[in-house]
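Novice: 3D model of this:
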Amino acid sequence: MRKYSDCPQILRDFLTYHETIKGQSQLTISEYYLDLRMFLRFIKLMRNDMPIQTKLDDIDIRDVNLKFIEEIETSDIFDFLSYLASDRVANPDSAAPEYGIGPSSRARKLSAIKSFYKYLTVRTKQLQENPVAELEYPKLRKSLPKYLTLEQSAKLLSSVSGANEKRDYAILMIFLNCGIRRSELVGLNVTDVYEDRLRVVGKGNKERFVYFGTPCRKAIDAYMEVRKNLILTDNRALFGSRNGNRISVTAVHRLVEKALLQAGLDATQFSAHKLRHTAATMMLSGGVDVKTVQEVLGHENLNTTQIYTHIENTELKIAAEANPLSKLDFSDESD
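Specialist: As a prediction, this is how the structure comes out:
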């Protein structure tokens with residue numbers, strides 16, 4: 001937990017609990033860390049009458065203790081959510097930054113806060129009152145996930161080039177064939193690759209096997225020939241980066257973005273996660289039942305997977321309406 005040294009002990013204990021007892025992934029722990037650090041910094045900013053120009057990222061929260069957290073009220077959390085919705089910079093690297101983050105991002109941060117207070121009230125019983133117990137999540141706009149068509153997928157694969165061509169091609173093939181998450185791909189070891197399947201460690205450190213076909217097998221084999229000549233600091237890692245480390249989630253994001261641009265596709269509309277959507281949609285298009293797709297994707301809840309069936313229903317409707325016969329109407333003609 002040395003990397004969380006800018007956090008108070010009470011937050012480090014929470015992160016340790018979720019890492020060692022709950023078995024949460026490093027990605028989940030990192031998100032808890034970032035979201036709760038921002039939350040505590042905001043509360044401290046509001047309480048300590050600091051100058052208006054004080055940057056949230058500059059606030060030291062290492063002195064935050066149980067008494068500080070105990071004094072946080074529901075109204076403080078509403079203020080934080082309001083700040084996220086209206087005042088938080090959504091794209092800090094942009095020349096013309098926009099303010100206010102979306103409901104899904106706010107919901108994730110609220111989920112982290114709820115988990116933190118559940119730990120303090122139920123798990124460790126350090127607190128009696130939970131100010132977020134009855135707090136509702138921001139209402140999310142229901143939208144169908146974006147995905148690549150078969151033609152776009154083929155175009156993406158055929159456009160891969162560069163010094164890491166074999167690696168990048170294998171990664172894209174795994175995404176499109178197996179539908180695994182970025183964090184799952186990053187965590188793959190050489191020993192996780194079998195003749196026709198991958199052993200994947202998903203959310204909550206739950207293991208599953210995901211099968212792949214011959215083209216994906218060939219792509220992995222071609223990369224493994226290249227990998228023999230790589231010097232990696234972690235010899236277990238299936239995919240490495242230019243500096244010899246295990247490939248990171250950020251590096252995966254960048255290589256997918258690069259491939260999308262090379263294929264002439266809109267990198268603002270598609271991403272590594274959209275390749276996961278693509279895999280799910282293609283499976284359903286090929287006649288795979290939704291329960292099997294749920295197992296492949298590692299979804300705990302079938303409802304999460306069923307959104308892809310809505311895509312299929314939409315496609316079927318479009319196909320029906322595209323049929324020229326659907327535009328003919330003989331209902332007014334007499335016999």
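Novice: gap between Q128 and T121?
Specialist: 7 Å (Cβ to Cβ, to the nearest Å). C-beta: built from backbone N, CA, C; applies to glycine.
Novice: what's the answer for N243, then?
Specialist: Counting by Cβ to Cβ - N243 and T121 are separated by 43 Å.
Novice: cool, and G240?
Specialist: Distance from G240 to T121, by Cβ to Cβ: 43 Å.
Novice: okay, the two: which has more neighbours?
Specialist: G240 (20 against 17; other Cβ atoms under 10 Å).
Novice: And the helices in the stretch 151-300 of the chain?
Specialist: 165-178, 182-186, 214-227, 249-262, 272-285, 290-297 (DSSP state H, counting those that start in this stretch).
Novice: Of all those, which one is nearest A112?
Specialist: Closest approach to A112 among these (Cβ to Cβ): helix 182-186, 16.7 Å.
Novice: which residues are in contact with the closest one?
Specialist: 25-27, 171, 174-175, 200-202, 239, 246-249, 252-253, 272-273, 298 (Cβ atoms under 8 Å, 6 or more residues apart in numbering).
Novice: Sketch out the low-pLDDT regions of the stretch 201-335 of the chain for me.
Specialist: 304, 307-335 (pLDDT under 70).
Novice: Now do the contacts for K44.
Specialist: When contacts are taken as Cβ under 8 Å, 6+ apart, K44 is in contact with I59, I61, V64, F68.
Novice: nope, S111 is what I was after
Specialist: Here S111 is in contact with Y137 (Cβ under 8 Å, 6+ apart).
Novice: Identify each buried residue in the host helix or strand of it, please.
Specialist: Secondary structure assignment for S111, by DSSP states H and E: helix 103-118. For helix 103-118, the neighbour count (16 or more other Cβ atoms under 10 Å) marks S105, R106, A107, R108, K109, L110, A112, I113, K114, S115, F116, Y117 as buried.
Novice: of all the residues you listed, which comes closest to R217?
Specialist: Distances from R217 to the buried residues of helix 103-118, taken by Cβ to Cβ, are shortest for R108, at 35.8 Å.
Novice: isn't the closest one right up against E31?
Specialist: Yes - the pair R108 and E31 passes the contact test of Cβ atoms under 8 Å, sitting 6.9 Å apart.
Novice: roughly how far apart are G187 and G23?
Specialist: 13 Å.
Novice: Those two: who's more crowded?
Specialist: The neighbour count for G187 versus G23, taken as other Cβ under 10 Å, is higher for G187 (22 against 12).
Novice: L36 and D76: what is the separation?
Specialist: 14 Å.
Novice: Ok, L150 next?
Specialist: Counting by Cβ to Cβ - L150 and D76 are separated by 50 Å.
Novice: Between these two, which has more neighbouring residues?
Specialist: Neighbours were counted for L150 and for D76 using other Cβ under 10 Å; D76 has more, 16 against 11.
Novice: Please name the nearest non-neighbouring residue to the more buried one.
Specialist: Among residues not flanking D76 along the chain, I43 sits closest, at 5.8 Å (Cβ to Cβ, 6 or more residues apart in numbering).
Novice: How about G240?
Specialist: Nearest residue to G240, sequence neighbours excluded (Cβ to Cβ, 6+ apart): L232, at 4.4 Å.
Novice: How are the strands of this structure distributed by residue range?
Specialist: 197-201, 207-211 (DSSP state E).
Novice: JSON lines please, covering those and showing distance to K291 and mean neighbour count.
Specialist: Formatted as JSON lines, these follow (distance: least, Cβ to Cβ, whole Å; neighbours: other Cβ atoms under 10 Å):
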{"stretch": "strand 197-201", "distance to K291": "18", "mean neighbour count": "18"}
{"stretch": "strand 207-211", "distance to K291": "14", "mean neighbour count": "14"}
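Novice: What number of residues are in the vicinity of the residue nearest to K109 when sequence neighbours are not counted?
Specialist: Once flanking residues are discounted, K109 sits nearest to D35: 4.5 Å by Cβ to Cβ, 6+ apart. Other residues near D35 come to 19 when the count uses other Cβ under 10 Å.
Novice: which residues sit in contact with D35?
Specialist: Taking Cβ under 8 Å, 6+ apart, we find D35 in contact with R108, K109, A112, I113.
Novice: With E134 instead?
Specialist: Per Cβ under 8 Å, 6+ apart, neighbours of E134: none.
Novice: mind listing what's buried in stretch 58-68?
Specialist: Buried, per 16+ other Cβ under 10 Å, within stretch 58-68: I59, I61, V64, F68.
Novice: May I see those residues arranged in CSV, with pLDDT and distance to E165 as well?
Specialist: CSV is the format used below for the buried residues of stretch 58-68 (pLDDT from 0 to 100; distance: Cβ to Cβ, whole Å):
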residue, pLDDT, distance to E165
I59, 91, 45
I61, 93, 45
V64, 94, 48
F68, 94, 53
